[in-house]
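S.K.: pasting the structure only:
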């Protein structure tokens, strides 16, 4: 079967922001929309919805620092180079480099956590926010149960001191990657485009694996510190959350209520008939929802 076009009409380049080079694919027409991917993937997660969204929005789809073809800078003992505050500054500077001071944003998984911090630290920049298949980091850690620790074991495995997780994953990186991807979807890995799977595997290098561990180590340390310091701050822009009805977040958390506690405005959203990877499992449904939600000026 012939595969649909792969990001036709988009440009890929590297942009210097916040002291590093971010790889970003961009294009389209209309209001600016920032799309942020999660672990263990790259901006390729958006390939099925980008063509529709680009008819109405100028899309910017970076690889987060530590992921894909973006830089993977050395970390520090406090993991600050991979804090969500640092990663949020990366992407706000990226948007400004394109001339966008105010924009829409959507983040999946780790990208959603970056987007959450982006909305807190740069409230004038984010006009509307959408988060996919997450509850707040602090909420999820503080409500940890045996079931959560079993289903999301990677939250506790990847934060172990270097080089334990890096070494174990590095012994069979392809096996780990495909097992992780297959465990969160609604049908193994069968719904992934083979080109997307190949891209995720290409980018799952030893340097990237270490950077991803640093992302999680930051989430369990400095990110929680920032969240506690900002416990009285709220997201100021409109917020919409979607999550898979066959996913762990739906099973163990209450995303609407969890995010309402973080927002000044009423939060909208609900479930999708998917597992974790909404953009790749139900692209038409997600694109339609996004086009409706992000309609109008930023």
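M.R.: Now that the structure is in, tell me what you want to look at. The structure displayed is predicted, hence computed values, not measured ones.
S.K.: switch to C-alpha atoms for all contacts and neighbour counts from now on
M.R.: Will do.
S.K.: what ranges do the strands span in the chain?
M.R.: Ranges of strands within the chain are 11-17, 20-28, 31-36, 57-62, 103-108, 126-132, 239-244, 267-272, based on DSSP state E.
S.K.: CSV for those, including distance to residue 253, mean neighbour count and mean pLDDT?
M.R.: Output for the strands of the chain, formatted as CSV (distance: least, Cα to Cα, whole Å; neighbours: other Cα atoms under 10 Å; pLDDT from 0 to 100):
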stretch, distance to residue 253, mean neighbour count, mean pLDDT
strand 11-17, 35, 15, 98
strand 20-28, 32, 21, 98
strand 31-36, 22, 25, 98
strand 57-62, 28, 25, 98
strand 103-108, 16, 24, 98
strand 126-132, 14, 24, 98
strand 239-244, 10, 24, 98
strand 267-272, 12, 18, 98
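S.K.: which intervals of the stretch 151-298 of the chain have sub-threshold pLDDT?
M.R.: For the stretch 151-298 of the chain, applying pLDDT under 70 flags the ranges 184-187.
S.K.: thinking again about what came up before, turn the strands of the chain into CSV, including distance to residue 168.
M.R.: Conversion of the strands of the chain to CSV gives the following (distance: least, Cα to Cα, whole Å):
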stretch, distance to residue 168
strand 11-17, 31
strand 20-28, 28
strand 31-36, 27
strand 57-62, 28
strand 103-108, 26
strand 126-132, 29
strand 239-244, 30
strand 267-272, 34
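S.K.: the residue most central in space within the chain and residue 169, how far apart?
M.R.: Nearest to the mean C-alpha position of the chain, by Cα atoms, centre = their mean, lies residue 111 at 1.9 Å. Per Cα to Cα, to the nearest Å, residue 111 is found 22 Å from residue 169.
S.K.: what's the answer for residue 9, then?
M.R.: Relative to residue 169, and taking Cα to Cα, residue 9 is found at 36 Å.
S.K.: more crowded one of those two?
M.R.: Remark: of residue 9 and residue 169, residue 169 carries more neighbours, 17 against 11, as counted by other Cα atoms under 10 Å.
S.K.: name the nearest residue to residue 251, ignoring sequence neighbours.
M.R.: residue 245 (7.7 Å; Cα to Cα, 6 or more residues apart in numbering).
S.K.: where along the stretch 51-200 of the chain do the helices fall?
M.R.: For the stretch 51-200 of the chain, the helices defined by DSSP state H, counting those that start in this stretch occupy 84-97, 110-121, 137-142, 146-151, 154-157, 164-170, 173-184, 194-202.
S.K.: can you pull the contacts of residue 208?
M.R.: 66-68, 72 (Cα atoms under 8 Å, 6 or more residues apart in numbering).
S.K.: doesn't residue 56 make contact with residue 32?
M.R.: No: with contact defined as Cα atoms under 8 Å, residue 32 does not reach residue 56; the gap is 9.1 Å.
S.K.: out of the helices of the stretch 51-200 of the chain, deepest packed?
M.R.: Sort those by mean neighbour count, taking mean count of other Cα atoms under 10 Å, and helix 110-121 sits at the top with a mean of 25.
S.K.: contact partners of it?
M.R.: 36-39, 64, 84-85, 87-89, 92, 105-107, 125-126, 129, 131-132, 134, 136-137, 233-237.
S.K.: ok now it, how far from the chain's centre?
M.R.: Helix 110-121 sits 9 Å away from the centroid of its parent chain (Cα atoms, centre = their mean, to the nearest Å).
S.K.: next one: stretch 41-51
M.R.: On Cα atoms, centre = their mean, the centre of stretch 41-51 falls 12 Å from the chain's centre.
S.K.: so what's the residue count around residue 133?
M.R.: With neighbours defined by other Cα under 10 Å, the count for residue 133 comes to 26.
S.K.: if I pick it, what's in contact with it?
M.R.: Neighbours of residue 133 in contact, by Cα under 8 Å, 6+ apart: 108-109, 241-244, 247, 249, 276, 278.
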